[in-house]
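A.B. asks: The sequence isn't on hand, but the structure is:
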């Protein structure tokens, strides 16, 4: 009887150490978040603001620090600043999703934009609103590369 109790305790400990198995709906939500972020990455690749408009909520803002000071911009201003054409060095630019963390209708996505002269890291706060994943906040930093 004592062996069975010990085995159950060990089984419980092992199961706590294993990552949870995502539910099928979580995988669907992850795919939906990835698809939304793909619009963001297409906006960068093409310079076309309409891609950004598909993923940013109209009330969203962007935040960063410059010289130790908080800076911010509305997503509308960000979208309006889109060039409408790809960057000259687009062939050398790489972008990817580093992590996605989803709980219910909220998500945080880490996106890396690796460009020839700088590497940007974006942290997107997203909410599922009216059935669509939208960026409600973007916080980012940039690291210049050594030349």
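C.D. replies: Perfect, thanks for sending it. Bear in mind that the values here come from a model prediction, so they are computed numbers and not experimental data. Residues are numbered from 1 along each chain as shown.

A.B. asks: rest of the way, CA atoms for contacts and neighbours
C.D. replies: Will do.

A.B. asks: Confirm residue 78 sits in a strand?
C.D. replies: No: using DSSP: H, G, I helix; E, B strand; the rest coil, the secondary structure at residue 78 is helix, not a strand.

A.B. asks: which regions of the protein sit below the pLDDT cut-off?
C.D. replies: Low-confidence segments of the chain, defined by pLDDT under 70: 1-25.

A.B. asks: Can you list the buried residues in the helix or strand harbouring residue 52?
C.D. replies: Following DSSP states H and E, one finds residue 52 within helix 49-55. Buried positions in helix 49-55, judged by neighbour count with 16 or more other Cα atoms under 10 Å: 49-55.

A.B. asks: Contacts for the helix or strand just after it next, please.
C.D. replies: Taking DSSP H and E as the definition, the helix or strand that follows helix 49-55 towards the C-terminus is strand 56-66. Residues external to strand 56-66 that are found in contact with it (Cα atoms under 8 Å, 6 or more residues apart in numbering): 70-76, 134-141.

A.B. asks: before we move on, back to that, TSV for the buried residues of helix 49-55, including distance to residue 33?
C.D. replies: Output for the buried residues of helix 49-55, formatted as TSV (distance: Cα to Cα, whole Å):
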residue	distance to residue 33
49	19
50	18
51	15
52	14
53	15
54	12
55	10
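
A.B. asks: quick one on the thing from earlier: return the distance of the helix holding residue 52 from the chain's centre.
C.D. replies: Between the centre of helix 49-55 and the centre of its chain there are 15 Å (Cα atoms, centre = their mean, to the nearest Å).

A.B. asks: can you check stretch 134-142 too?
C.D. replies: Mean C-alpha position of stretch 134-142 versus that of the full chain (Cα atoms, centre = their mean) differs by 8 Å.

A.B. asks: Show me which residues of it are buried.
C.D. replies: Buried positions in stretch 134-142, judged by neighbour count with 16+ other Cα under 10 Å: 134-140, 142.

A.B. asks: Select from those residues every entry located in strands.
C.D. replies: Within the buried residues of stretch 134-142, membership in strands is found for 134-140, 142, as judged by DSSP state E.

A.B. asks: List the residues that contact the residue most central in space within the chain.
C.D. replies: With distances taken as Cα atoms, centre = their mean, the residue of the chain nearest its centroid is residue 109 (2.5 Å). By Cα under 8 Å, 6+ apart, the contact list for residue 109 reads 97-101, 122-126.
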